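Colleague: what's the 3D shape of this:
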Amino acid sequence: MGDHVGFGDRWSVRSRIALFTGTVVALLCAAFSIVLVWSLHVAARENLMREVTAAGGRVAYLVDRGQAGSVLPPDGRDRPVQVVDPQGRVRAATPDMAGKPVMATFRPRAPLRRATREVCGGPFGEGQCGVVVAQQVYSDGGDWTVYSAAPVQGFDAPPALVAGLAAGSVLVTAAVAYGTWRSVKRALLPVRAIRAELDEINASDLGRRVPVPEAKGEIHDLAQSVNYTLDRLEETLEQQRRFTSDASHELRSPITAIRAQVEDALLAPQESDLREIGPAVLKSLERLQAIASDLLTLARLDVGAPCERERLDLGRLVAAELDARRPVRRVVSHLAPGVVVRGDRIRLGRLVANLLDNAERHAATTVRLEVRREDPPDGDPRFRSGLAVLEVLDDGAGIARDQRELVFQRFTRLDTARSRNAGGAGLGLPIARQIAESHGGTLTISDSPRGARFLLRLPLSREP
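Modeller: Residues are numbered from 1 along each chain as shown. Presented below is the predicted three-dimensional model:
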């Protein structure tokens, strides 16, 4: 089947806007012309009715004065007029109505003294119609009726007027459509410049930005949004490059160690002891496996992979993690019961394990843990139901205030933890913070008299 090409695919934006505007203007001009012609017709009809009424009124004045003869004088416009007595006999008429029967039989109803109807046939001739105005006059002890008439005017617009309105409508429509086309074309020039600049920008040249027009408006806001998006894209790609470089560096170290150990064993098999090489290779493989596992976890967190959410007692979760470990430092814990959160058991367990690993790695003698609940802070909608707090405190050297955010960056190790034998790959704390944020919480470092004090805050579960 062939591709269907619609109207919008064949026409540009400015052409469609110009066509739409021209169509609307053409319809408005047509409506204005119709209203104008109809208004002129109504005005002409009302003017005719005033003339007919005036002709009958003059005769009614003569009848009231008793000055009307059998033949009425013409009024200059040849409007036929008849005077009918109370018995319905024609007593006076204009010359054109002399000897003709009464033109109408209706009479005004009290209290009105005037009535208008359209009458066909009779003195007007077969197939002819006229507008008749009846006016009642009291004379000689009875009600006399004066009938005045004029031919019915059909809806006949002057050809010159119709031609002028048609020509004017065409000119106005063409002028508005062309003006709209030109205006839209000029308005879209910044968009073309933005598009041309975007076509030139590629992954290797993200430092360029689209031009921002000086005039405030939608296109100005669009250009700023595009530049803001490019800023974030450049920052993301730069972060990805750094992440890739750091990951490659971290993976290269254990791979290089394994390679060196295996090559030494191959070059001098008689002098190599498998009992010495095996544990060293296994240690490097464990480090390699840990880095790969951390990278996989970060990748899943970055893409927002779904996870199971359930009600968890944070104190029991921390206690279970402590029971599964072989602590190398003394651990003092105060775990309040009933501090319930909603989250993924595996990911929150990984968060707690990373915090404990970091604390044990840097503690001098003791790691202190505390799980408690706190009242919701003011102005933070994330913790309306309250706070579940996990505090992890070690008695090590601590972290300087200006480096507290640095430790949450990937592959970051401070000077005291740069030894790969003693420290990790610099992914534990970034993973812990990302897990906390994915659960609607925060992970920060607070002041403490000694050592590093990590505070995990999670929203309490609202469910009973």
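Colleague: can I assume residue 135 sits in a helix?
Modeller: No. Looking at residue 135 with DSSP: H, G, I helix; E, B strand; the rest coil, it is strand, so not inside a helix.
Colleague: what's around it, how many residues?
Modeller: 21 (other C-beta atoms under 10 Å). Using the backbone N, CA and C atoms, a C-beta is placed for each residue, glycine as well.
Colleague: tell me the pLDDT at it?
Modeller: pLDDT, residue 135: 86.
Colleague: same deal with residue 245?
Modeller: 69.
Colleague: can I assume residue 261 is in contact with residue 278?
Modeller: No. Look at residue 261 against residue 278 with C-beta atoms under 8 Å: they stay out of range, at 9.5 Å.
Colleague: these two: which has the busier surroundings?
Modeller: Neighbour comparison, residue 261 and residue 278: the larger count goes to residue 261, with 17 against 11 (by other C-beta under 10 Å).
Colleague: quick one: the helices in the stretch 351-464 of the chain?
Modeller: Along the stretch 351-464 of the chain, counting by DSSP state H, counting those that start in this stretch, helices occupy 428-438.
Colleague: what stretches of it score poorly on pLDDT?
Modeller: For the stretch 351-464 of the chain, residues meeting the criterion pLDDT under 70 lie at 413-425, 463-464.
Colleague: now do the strands in it.
Modeller: Along the stretch 351-464 of the chain, the stretches classed as strands by DSSP state E, counting those that start in this stretch are 366-374, 387-394, 442-446, 453-459.
Colleague: which among the ones you listed is found nearest to residue 147?
Modeller: Nearest to residue 147, of all the strands of the stretch 351-464 of the chain, is strand 453-459, at 93.4 Å by C-beta to C-beta.
Colleague: gap between the closest one and the chain center?
Modeller: 37 Å (C-alpha atoms, centre = their mean, to the nearest Å).
Colleague: residues of it that come out buried?
Modeller: Residues of strand 453-459 classed as buried: 453-459 (neighbour count, 16 or more other C-beta atoms under 10 Å).
Colleague: most widely separated two among those?
Modeller: Most distant of the buried residues of strand 453-459, by C-beta to C-beta, are 453 and 459, 21.0 Å apart.
Colleague: what's the weakest-modelled helix or strand in this protein?
Modeller: helix 7-10 (a mean of 55; mean pLDDT, DSSP states H and E).
Colleague: now the strands of the stretch 351-464 of the chain in a markdown table, with distance to residue 194?
Modeller: Converted to a markdown table, the strands of the stretch 351-464 of the chain look like this (distance: least, C-beta to C-beta, whole Å):
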| stretch | distance to residue 194 |
| --- | --- |
| strand 366-374 | 49 |
| strand 387-394 | 46 |
| strand 442-446 | 38 |
| strand 453-459 | 42 |
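Colleague: just so I know, which of those lies nearest residue 36?
Modeller: strand 453-459 (69.4 Å).
Colleague: could you tell me the angle between the closest one and strand 387-394?
Modeller: Strand 453-459 and strand 387-394 meet at an angle of 160 degrees, taking axes from the mean of the first three to the mean of the last three C-alpha atoms, to 10 degrees as the criterion.
Colleague: now what about strand 453-459, what contacts it?
Modeller: When contacts are defined by C-beta atoms under 8 Å, 6 or more residues apart in numbering, strand 453-459 is touched by residues 314, 341-343, 351, 355, 358-359, 382-393, 432, 436, 439-447.
Colleague: partner strands of that strand and their direction?
Modeller: In the sheet, strand 453-459 lines up against strand 387-394 (antiparallel), strand 442-446 (antiparallel) (DSSP bridges).
Colleague: same list (the ones you listed) but as TSV, adding mean neighbour count and distance to residue 139.
Modeller: As requested, those are arranged in TSV below (neighbours: other C-beta atoms under 10 Å; distance: least, C-beta to C-beta, whole Å):
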stretch	mean neighbour count	distance to residue 139
strand 387-394	23	105
strand 442-446	16	105
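Colleague: all helices for this protein, in order.
Modeller: Counting by DSSP state H, the chain has helices at residues 7-10, 13-65, 159-187, 189-200, 218-267, 274-302, 314-323, 345-362, 428-438.
Colleague: now do the third one: which elements does it pack against?
Modeller: Using 3 or more C-beta pairs under 8 Å, 6 or more residues apart in numbering; DSSP states H and E as the contact test, the elements touching helix 159-187 are helix 13-65.
Colleague: per-domain residue ranges of the protein.
Modeller: 68-151, 216-305, 310-459 (automatic domain parsing).
Colleague: ok, which of these comes nearest residue 181?
Modeller: Of all the domains of the chain, domain 216-305 sits nearest to residue 181, with 17.7 Å by C-beta to C-beta.
Colleague: how far does the closest one sit from its chain's centre?
Modeller: 40 Å.
Colleague: again with stretch 376-389
Modeller: Worked out by C-alpha atoms, centre = their mean, stretch 376-389 lies 31 Å from the chain centre.
Colleague: okay, that stretch in PDB with CA atoms only?
Modeller: Extracted C-alpha coordinates of stretch 376-389, given in PDB (Å, rounded to 0.1, in the frame of the first residue of the first chain):
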ATOM      1  CA  PRO A 376       6.900  15.700  58.900                       C
ATOM      2  CA  PRO A 377       8.900  18.800  58.100                       C
ATOM      3  CA  ASP A 378       7.000  21.900  57.000                       C
ATOM      4  CA  GLY A 379       6.700  22.700  53.300                       C
ATOM      5  CA  ASP A 380       7.900  19.300  52.000                       C
ATOM      6  CA  PRO A 381       5.100  17.400  50.300                       C
ATOM      7  CA  ARG A 382       7.200  14.200  50.100                       C
ATOM      8  CA  PHE A 383       7.000  13.600  53.800                       C
ATOM      9  CA  ARG A 384       3.400  14.500  54.700                       C
ATOM     10  CA  SER A 385       2.900  11.300  56.500                       C
ATOM     11  CA  GLY A 386       6.100  11.500  58.500                       C
ATOM     12  CA  LEU A 387       9.700  10.500  58.300                       C
ATOM     13  CA  ALA A 388      11.500   7.200  58.700                       C
ATOM     14  CA  VAL A 389      15.100   8.000  59.500                       C
END
